[in-house]
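Engineer: Just the structure for this:
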Amino acid sequence: MPETSNVNVNAGDVLALVGTTKGAFILRSGSERKEWTVGGPYFPGFAVYAFAYDNRKGRNRLWAAVNQMHWGSYLSSSDDFGQTWTKPEAYGIKFPAETDTAVKQIWQIALGHPDQPDTLYCGVEPAALFRSDDAGTTWSLVQGLYDHPHRPQWQPGGGGLCLHTILPDPSNSKRLHIAISTGGHYRSDDGGETWNARNVGVRAQFLPPENWYPEFGQCVHKIVSHPANPNRLFLQNHWGLYRSDDAGDSWQDVANGVPSDFGFAMVSDRQNVDGAYIVPLESDQFRCTPEAKLRVYRTRNAGASWEPLANGLPQENAFETVLRDGMAGDALDPMGVYFGTRSGKLFGSNDAGESWTNIMEGLPPVVCVKTAVV
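Structural biologist: From the prediction side, this is the model:
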C-alpha cells in the first residue's frame, strides 16, 4: 500500500476534498488559496464517489463514501481531518432484508436542513435515499421514495441507476429535491413522506421525438440551487441546460451561447443568486471538452448568456472530461472554484473563475470534488 501523508488544518483554512477511482485526497490551503499541501491517499485502491464536511454543533467531521468492488460500499468518517477514519463492523447503509435489494454504490452524502443539525442524507445505487437523524450513527431507508409507483420504471443511465443529487431547501424544512439518472427530478414537500416528479419542460432526448417530454425518466446529471433563493434551480441534463424559478414546478431552456448543452458538472455561484458554472462536453458519444479546449462557462444573469473562463486552462489538445460531482465552489469571497478531470488533473481558481491554476496532476481519475472552510 502507498504511504499516506496527512495535512495540518487550522481555523480559516480551505480544504479541497478529492475523491478518485483509487482513493481520496485532502488538499489544504490558507484563505488566499495559492499554495496547497496534500494529504492521502486515503482508502487506497478503492473508489470514493462522495465526500461531505459537517461542521454543525461544533463538529469537524469529514464523511467519505468508500466503494469496494467485492465487499460493497460503506461510509467512513474522520474527526481529525483524515488522521484517522472509522471502519464500521457492519455497514449502516443497507436495504431492509424484506426488499431483497443490495446497495451497489454510495453516490452522494448531504447535510440536512439547517434546523436539523443531526440529519444527514445519503443517495445510493440502485436509486434510493437513506436518512440519519443521529449524525450518522444509524440510517434508515426513506420508504416514501422507495415505494414510489414510478420506481419500477426507472432505468439505469450509463453510470447505473443512481440517486446522485440531494438538495434540502434551506428555507423550508419539509422540502427536499433529489435527482436520479435516469428517473428525473423529484421533490418532497412533506419531509420525504411523498414525492412528485417535477420535470415539466425537460427533454428526454434519447427517446423518440414524440416522447421527448415525459412526466419522468429524464437523465438528469446535476441540479444546484442558491441558499438565498432556493426556488431558483439550475439543471444540467443529458442534453439540455435548464433553469427553474418555481422550485422545479417548471423548467426553461437556458443553453444560450454554450458550445454544447451536454455535460455533467454544475456549481452554484455563492456570490450571485443568478449565477452558475458548468463544464460543457461535446456530446454523449464524445464526452470530452468541445474543440479540445478546457473551458468553464459562467452565467451571471440566470442563463440569459454564458461566458467562457479559460485563463490558465489548456486550450490545445485538452481532451478532458469532468464528471457530475467533479466541480465545487467554496464559501469565500471571491468564491474559489475547483474541478478535477478523468485524466487526474485538479484545477482551481481563487477569483471566481477569472484565472486558473493547475493545483495537482497525476491523480487517478477524479470523480468527486467538494470543499470546506474550517
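
Engineer: who are the neighbours in contact with the residue lying closest to V103 once chain neighbours are set aside?
Structural biologist: Take V103 and drop its neighbours on the chain: the residue closest to it by Cβ to Cβ, 6 or more residues apart in numbering is V124, 5.0 Å away. For the C-beta atoms, the positions are set from N, CA and C on the backbone; glycine is no exception. By Cβ atoms under 8 Å, 6 or more residues apart in numbering, the contact list for V124 reads S73, I93, V103, K104, Q105, I106, W107, F130, C162, L163.

Engineer: I figured T101 was touching L141, is that so?
Structural biologist: No - contact criterion Cβ atoms under 8 Å: T101 and L141 do not qualify, at 9.4 Å.

Engineer: any shared contact partners between those two?
Structural biologist: In contact with both T101 and L141: F95, A128, using Cβ under 8 Å, 6+ apart.

Engineer: which of those two has more neighbours?
Structural biologist: L141 (19 against 15; other Cβ atoms under 10 Å).

Engineer: what's the spacing between the residue nearest to V103 and R28?
Structural biologist: Distance check for V124 against R28: by Cβ to Cβ, to the nearest Å, it reads 29 Å.

Engineer: And for I93?
Structural biologist: 28 Å.

Engineer: Give me the nearest residue to the residue nearest the centre of the chain, chain neighbours excluded.
Structural biologist: Among the residues of the chain, the one closest to the centroid is D325, at 3.6 Å (Cα atoms, centre = their mean). The shortest distance from D325 to any non-neighbouring residue, by Cβ to Cβ, 6+ apart, is to C368 (4.5 Å).

Engineer: now R175
Structural biologist: D169 (3.8 Å).

Engineer: List the contacts of the one you found.
Structural biologist: Contacts of D169 (Cβ under 8 Å, 6+ apart): H113, R175, L176, H177, S225, P230, A247.

Engineer: which residues does G160 bridge with?
Structural biologist: Note on G160: beta-bridge partners G157, judged by DSSP bridges.

Engineer: what's the pLDDT at the residue nearest to R175?
Structural biologist: Model confidence at D169, given as pLDDT, is 96.

Engineer: Could you do F206 as well?
Structural biologist: For F206, the predicted pLDDT is 86.

Engineer: How about the contacts made by it?
Structural biologist: C219, H238, W239, D284.

Engineer: now these: which count as buried?
Structural biologist: C219, H238, W239 (16 or more other Cβ atoms under 10 Å).

Engineer: Turn the residues you listed into JSON lines, columns for distance to Y213 and pLDDT.
Structural biologist: Listed next are these as JSON lines, based on distance: Cβ to Cβ, whole Å; pLDDT from 0 to 100:
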{"residue": "C219", "distance to Y213": "13", "pLDDT": "96"}
{"residue": "H238", "distance to Y213": "14", "pLDDT": "95"}
{"residue": "W239", "distance to Y213": "13", "pLDDT": "95"}
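
Engineer: Reformat those as CSV; add secondary structure.
Structural biologist: Shown next, in CSV, are the buried ones among the contacts of F206 (DSSP: H, G, I helix; E, B strand; the rest coil):
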residue, secondary structure
C219, coil
H238, coil
W239, coil
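
Engineer: will you turn the residues you listed into CSV that also has distance to G12?
Structural biologist: Listed next are those as CSV, based on distance: Cβ to Cβ, whole Å:
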residue, distance to G12
C219, 40
H238, 39
W239, 42
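
Engineer: closest to R33 among those?
Structural biologist: Of all those, R33 sits closest to H238, with 32.6 Å by Cβ to Cβ.
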